[in-house]
Every structure is written in structure tokens, then in C-alpha cells.
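Q: I'll drop the sequence and a predicted model, then ask my questions.
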Amino acid sequence: MARGFAAAALTAALAGTAFAGPVVVRAVGPSARAYPVGKQLADSAQLVLKPGDTLVLLDARGTRTVSGPGTFAAVSNGTRAGATQVASQILKTNSASERRGGAVRGGLPTMDTRSPNLWFVDLSKSGTMCVADPATVRVWRVSGAKAADVKITGAGASGAVNLPAGATVADWPKSVPVTNGAEYTIVTDGMAPAKIKVVTVPMPSNIEDTASQLIAKGCNTQLDLLIATTSAGGNAG
């Protein structure tokens with residue numbers, strides 16, 4: 001019931017006409033100190049950028065890149081088509097969508113290689129993982145071409161997951177508790193071992209809050225996914 005309420009609240013917030021101010025999710029150039037990553041801007045803010053400056057801004061309208069020199073409004077007049085639907089899908093903790101694999105380009109995940117859900121544990125990635133609902137954690141792999149066994153150890157326990165051919169998503173093993181601050185080693189057939197640290201976070205109420213939490217907790221893989229998914233041409237499964 002709590003998950004359903006959170007999902008409904010999120011969808012309602014994204015579907016409304018009022019938007020929170022955008023969050024700076026990337027900052028390069030001489031003005032990066034004035035507009036640091038994680039800074040939330042007022043909708044009325046004017047960005048004064050110098051040559052070499054590039055900012056990536058994220059809000060429920062989508063992801064927007066502005067480059068200097070020049071003065072720019074913090075928000076654009078338009079809303080990227082489908083941005084609210086994309087955001088509401090990728091943020092749902094109980095989404096079971098799966099997607100086939102593909103190639104990675106430009107350092108960020110593409111539509112074919114990115115997880116369809118922000119909260120899925122990517123079996124190929126090490127680093128800090130933000131978890132909004134420890135009771136519904138799932139694991140994800142890019143390709144389901146072959147069956148694979150997954151062994152997860154951490155928090156004083158161990159467990160296994162079997163991914164049959166064709167499957168890219170599975171439940172986190174119940175025998176391994178998902179605990180704030182705990183570190184886990186994940187060994188998947190045919191893949192290099194991954195090590196993650198879990199950080200539990202409250203279920204965000206909107207996409208701007210989500211980005212802020214990911215930045216604050218250092219959940220960089222999820223931040224990359226959020227940026228890629230809400231960029232032009234993005235689509236969540």
C-alpha cells in the first residue's frame with residue numbers, strides 16, 4: 001500500500017502544471033563553482049555563463065544543456081514530449097519492465113543498454129547504490145541471451161539468483177538483507193565481479209528531489225541513468 005501511495009503521489013506531482021526549479025546535474029567550465037552539481041535553481045533564475053561553461057539541468061520537463069557565453073533562463077518555455085511519463089515510469093519501485101541489450105555510446109547508457117528502472121541493481125556496475133524500498137530490490141543485466149547464476153554476499157549473509165535465458169530482471173535474494181551502509185559483492189556468470197554499497201533513501205516525491213538525493217549520496221550510476229533517460233529521445237520501458 002505504501003509503495004502504491006508513493007507511486008500515485010509521484011505520478012500526480014509529475015503530471016501537475018507546477019514544476020520545481022531545475023537541479024544542476026553536470027557543470028563544466030569557469031562558472032562551475034557558481035553553479036555546482038546538486039544546486040537547485042529557482043524557476044526565475046538567470047544563468048550568466050562564460051566561454052567554456054556547460055551546464056546540464058534536470059527537472060520534470062526533461063534534461064536541458066546550456067553552454068556559454070551568454071545569459072540564459074534557468075527553465076525553457078517548452079516541455080520535452082513524454083518527459084513526465086518517462087520520469088514516472090523509471091522512478092516506480094515496482095516496475096518489472098525488461099529491455100534487450102545493445103551498445104554503449106559516449107560514456108552514458110543508451111536506450112538499449114540502460115536499465116528500465118532507476119532502482120534496479122545493475123549487475124555490471126560497482127559503486128554506491130541508492131535504494132528507496134529495501135523490500136522490493138531487484139537485479140538487472142543488459143543481455144538475457146544466456147542463463148546465468150548470480151551469487152550475492154554481504155551483510156553477514158549470502159544468496160543466489162538464477163536468471164534463465166531471456167530474463168534480464170530478478171528479485172534480490174531474500175536471504176540477503178538490504179541494509180543501509182552495507183557492502184555487497186556480486187558475482188555473475190560471464191561478468192566481472194561487482195561491489196556495491198547500499199544507501200537507503202526516502203522515496204523521492206519528484207524528479208528534482210530524486211536527482212538531488214542521488215548527487216548527495218554519490219549514486220553516480222543511477223544519476224547517469226536518470227540523465228540519459230530524460231534527455232531528448234529518452235524512453236523508459
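A: Yep, it's here.

Q: Could I get the full set of strands for this structure?
A: 23-28, 46-49, 54-59, 62-67, 70-73, 121-122, 127-131, 138-140, 148-154, 157-163, 169-171, 183-188, 194-200 (DSSP state E).

Q: Give me the distance between N180 and V199.
A: 6 Å (C-beta to C-beta, to the nearest Å). Every residue, glycine included, has its C-beta placed from N, CA and C.

Q: let me fix that: T54
A: Look at T54 and V199: by C-beta to C-beta, they are 28 Å apart.

Q: who's more crowded, these two?
A: V199 (18 against 15; other C-beta atoms under 10 Å).

Q: Identify the spatial nearest neighbour of the more buried one, chain neighbours not counted.
A: Leaving aside its sequence neighbours, V199 sits nearest to K217 (C-beta to C-beta, 6 or more residues apart in numbering; 4.7 Å).

Q: before we move on, what about M191?
A: S124 (5.9 Å).

Q: Quick one, grab the pLDDT at the most centrally placed residue in the chain.
A: Centroid-nearest residue in the chain, with C-alpha atoms, centre = their mean: Q222, separated by 3.2 Å. Predicted confidence (pLDDT) for Q222: 94.

Q: again, but for S76
A: pLDDT, read off for S76, is 76.

Q: One more: G38?
A: pLDDT for G38: 94.

Q: Quick one: find the helix or strand in the chain with the lowest mean pLDDT.
A: Among the helical and strand segments of the chain, the one scoring lowest on mean pLDDT, DSSP states H and E is helix 2-15, with a mean of 39.

Q: what residues go with each domain of the chain?
A: 2-73, 83-230 (automatic domain parsing).

Q: out of the ones you listed, deepest packed?
A: Greatest average neighbour count among those goes to domain 83-230 (a mean of 18), per mean count of other C-beta atoms under 10 Å.

Q: Pull the contacting residues for the residue lying closest to R64 once chain neighbours are set aside.
A: In this structure, R64 finds its nearest non-sequential neighbour in L57, 4.8 Å apart by C-beta to C-beta, 6+ apart. By C-beta atoms under 8 Å, 6 or more residues apart in numbering, the contact set of L57 is 22-25, 41, 63-66, 74.

Q: how about those residues in TSV, adding distance to V161?
A: Shown next, in TSV, are the contacts of L57 (distance: C-beta to C-beta, whole Å):
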residue	distance to V161
P22	38
V23	34
V24	37
V25	31
L41	41
T63	32
R64	38
T65	38
V66	42
A74	43
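
Q: which one among the residues you listed gets closest to D209?
A: V23 (8.7 Å; C-beta to C-beta).
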